[in-house]
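# I'd like to go over a predicted model; first the sequence, then the structure.
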Amino acid sequence: MPYDSNLDQEVFSQEWEGEAGKIAVSVHSYNNGPKKLQIVREIKDRNDNYTFAKLGRLSKEEIEGVLPLIQAAIKSM
């Protein structure tokens, strides 16, 4: 069964923005299935547009920024 974006429901979404870019924390439910946490990093390109990047490792500043968002996301699950 291929992925259908119409079946993907976003339950929660918040972003933390830092100097290097932003990290989005969201909760999704696909086809009324279990709610799952998603964390995505976006960085600015040369034209100041945000583009997807591998999340990789987090700095202490990034952890402190997204931790409250993760805790809020957990409450929506």
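Right, received. Where do you want to start?

# centre of the chain to stretch 27-39, how far?
12 Å (CA atoms, centre = their mean, to the nearest Å).

# any idea how far apart the tips of it sit?
9 Å (CA to CA, to the nearest Å).

# quick one: least confident helix or strand in the protein?
Least confident element among the helices and strands of the chain, by mean pLDDT, DSSP states H and E: strand 50-53 (a mean of 94).

# what about the helix or strand following it, average pLDDT?
Sequence-wise, the next helix or strand downstream of strand 50-53 (DSSP states H and E) is helix 60-75. Helix 60-75 shows a mean pLDDT of 97.

# what sits up against helix 60-75?
12, 14-16, 18, 23, 25-27, 37, 39, 58 (CB atoms under 8 Å, 6 or more residues apart in numbering). Yep, even glycine has a C-beta here, placed from its N, CA and C like the rest.

# report the buried residues of that helix.
Neighbour counts over helix 60-75 (16 or more other CB atoms under 10 Å) mark 62, 65-66, 69, 73 as buried.

# swap in stretch 9-24?
For stretch 9-24, using 16+ other CB under 10 Å, the buried residues are 12, 16, 21-24.

# so can I have a markdown table of the residues you listed showing secondary structure, pLDDT and distance to Gly33?
Compiled in a markdown table, the buried residues of stretch 9-24 are given as follows (DSSP: H, G, I helix; E, B strand; the rest coil; pLDDT from 0 to 100; distance: CB to CB, whole Å):
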| residue | secondary structure | pLDDT | distance to Gly33 |
| --- | --- | --- | --- |
| Phe12 | strand | 98 | 15 |
| Trp16 | strand | 98 | 27 |
| Gly21 | strand | 92 | 30 |
| Lys22 | strand | 96 | 27 |
| Ile23 | strand | 98 | 24 |
| Ala24 | strand | 97 | 21 |
